[in-house]
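>>> give me a 3D structure for the following:
(one chain, ligands or ions: 1)
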Amino acid sequence: MEVVILTDPAAVGVCVADAICRLFASKERVNLGLATGSSPLATYAELIRRHAEEGLSLKGMTAFMLDEYLGLPVGHPESYRTYLERSFVDLVDLPNDSLLGPDVATRRPDVACREYEEQIRAAGGIDLQLLGIGSDGHIGFNEPMSSLASRTRIKTLTEETRRDNARFFGGDVEAVPRHVITQGIGTLLEARHLVLIATGEKKAGCIQRALEGPIAAMVPATALQLHPHVTVVLDQAAAGQLALRGYHEETFRTKPDWQGL
Ligand code: F6R
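Numbers count the residues shown, from 1 in each chain. This is a model prediction of the structure:
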């Protein structure tokens, strides 16, 4: 696991955008896993800027959603599909129909979960999966006590996550759906590269538990310790409780350029 500690969220966005661009330079078709929430916004903003100002093309991309709420009407402004369209995919040259996600409008979401797994597999798997982390240690919407071998399935959000996400629903916790479909931890561990982004002091505790704590279902993000290619990109505030912070800073400072993330 590589831990990169940068000055601020904007620098985090540039660093992760660099990794994505490097991937695009190395292969024609890229399967990119997209997270929502605040954490990846600076990365999306940087990719949008490079598209508008530097001619970056994302035509070769198929985008895969990490998770989605259940129970919101199609087109709801806070559905994760709408969020991703609004904050990223509609602002670059991604072809229509290239944003794939579980079908949450169906009456059989259990079937939709299996079909989404199949879609990811048929596309050849995800090259790079962006992740954020919840204050309770979730990745995707794999809440504490999720099986570390879990596949895409329906989950119930914790009260803590619904409170955290109420800011997107006008502060109203009751408006945050209780149920979601999320890629499972076992599904995520099959992506070829996992990039976890966390910024701000509020994330310092869960980042410390995820990176330096024992692997446990109570902190789902600890499962990242099992993956051979994980990059955690943090700002100073989110790295604030890491015992090995100095080591990570030294490692990144002395890293050869050609290595990438
Ligand atoms: C989003 C997702 C969640 C968020 C996490 C952090 O698709 O699956 O795991 O990444 O809740 O959210 P923010 O970035 O808003 O702090």
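
>>> are we agreed that residue 234 is in a strand?
Yes: applying DSSP: H, G, I helix; E, B strand; the rest coil, one finds residue 234 inside a strand.

>>> how many other residues sit next to it?
26 (other CB atoms under 10 Å). The way it works is simple: take the backbone N, C-alpha and C, and place the C-beta from them, glycine included.

>>> do the one 5 residues further on as well
Around residue 239 there are 25 other residues, counting by other CB under 10 Å.

>>> next up, the contacts around it.
For residue 239, the contact set (CB atoms under 8 Å, 6 or more residues apart in numbering) comprises 3, 5, 204, 207, 245, 248.

>>> which residue does the stretch 101-250 of the chain have closest to the ligand?
The ligand sits closest to residue 132 of the stretch 101-250 of the chain, with a gap of 2.3 Å, by CB to the nearest ligand atom.

>>> buried among the contacts of residue 239? Make that a PyMOL selection.
To isolate the buried members of the contacts of residue 239 in PyMOL, using 16 or more other CB atoms under 10 Å:
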select buried, resi 3+5+204+207+245+248
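
>>> quick check: the farthest pair among the contacts of residue 239?
Within the contacts of residue 239, 204 and 248 form the most distant pair, 13.9 Å apart (CB to CB).

>>> just the ones of the contacts of residue 239 in helices?
Under the assignment DSSP state H, these contribute 204, 207, 245, 248 to helices.

>>> residue 40 contacts residue 34, doesn't it?
Yes: between residue 40 and residue 34 there is a contact under CB atoms under 8 Å: 7.2 Å.

>>> make JSON lines out of the ones in helices among the contacts of residue 239 and add pLDDT and distance to residue 258.
Converted to JSON lines, the ones in helices among the contacts of residue 239 look like this (pLDDT from 0 to 100; distance: CB to CB, whole Å):
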{"residue": "204", "pLDDT": "98", "distance to residue 258": "32"}
{"residue": "207", "pLDDT": "98", "distance to residue 258": "28"}
{"residue": "245", "pLDDT": "98", "distance to residue 258": "25"}
{"residue": "248", "pLDDT": "98", "distance to residue 258": "20"}
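
>>> tell me which parts of the stretch 101-250 of the chain are close to the ligand?
For the stretch 101-250 of the chain, the residues in contact with the ligand (CB under 6 Å from any ligand atom) are 132-134, 138-141.

>>> in a markdown table: those, plus secondary structure.
As requested, those are exported to a markdown table (three-state DSSP):
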| residue | secondary structure |
| --- | --- |
| 132 | coil |
| 133 | coil |
| 134 | coil |
| 138 | coil |
| 139 | strand |
| 140 | coil |
| 141 | coil |
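
>>> on that earlier part again, next one: the residue of the stretch 101-250 of the chain closest to the ligand from residue 227, what distance?
16 Å (CB to CB, to the nearest Å).

>>> pick out whichever of the two has more residues nearby.
residue 132 (21 against 16).

>>> hang on, the more buried one packs against residue 198?
Yes: counting by CB under 8 Å, residue 132 touches residue 198, with 6.8 Å between them.

>>> what's the overlap in contacts for these two?
With CB under 8 Å, 6+ apart, residue 132 and residue 198 have common neighbours residue 39.

>>> contacting residues for residue 187?
Applying CB under 8 Å, 6+ apart to residue 187 gives the contacts 117, 120, 150-152.

>>> one more: residue 200?
9, 235, 237-238.

>>> need the overlap of contacts for residue 40 and residue 34.
residue 130.

>>> what does the helix or strand harbouring residue 23 contact?
Per DSSP states H and E: residue 23 is located in helix 9-26. With contact meaning CB under 8 Å, 6+ apart, helix 9-26 is reached by 4, 6, 30, 32, 40-47, 50, 56, 58, 60-61, 127-128, 130, 193, 195, 197, 199-200, 231, 233-235, 260-261.

>>> sort out which of those are buried, if you could.
So, by 16+ other CB under 10 Å, the buried ones in those are 4, 6, 30, 32, 40-47, 50, 56, 58, 60-61, 127-128, 130, 193, 195, 197, 199, 231, 233-235, 261.
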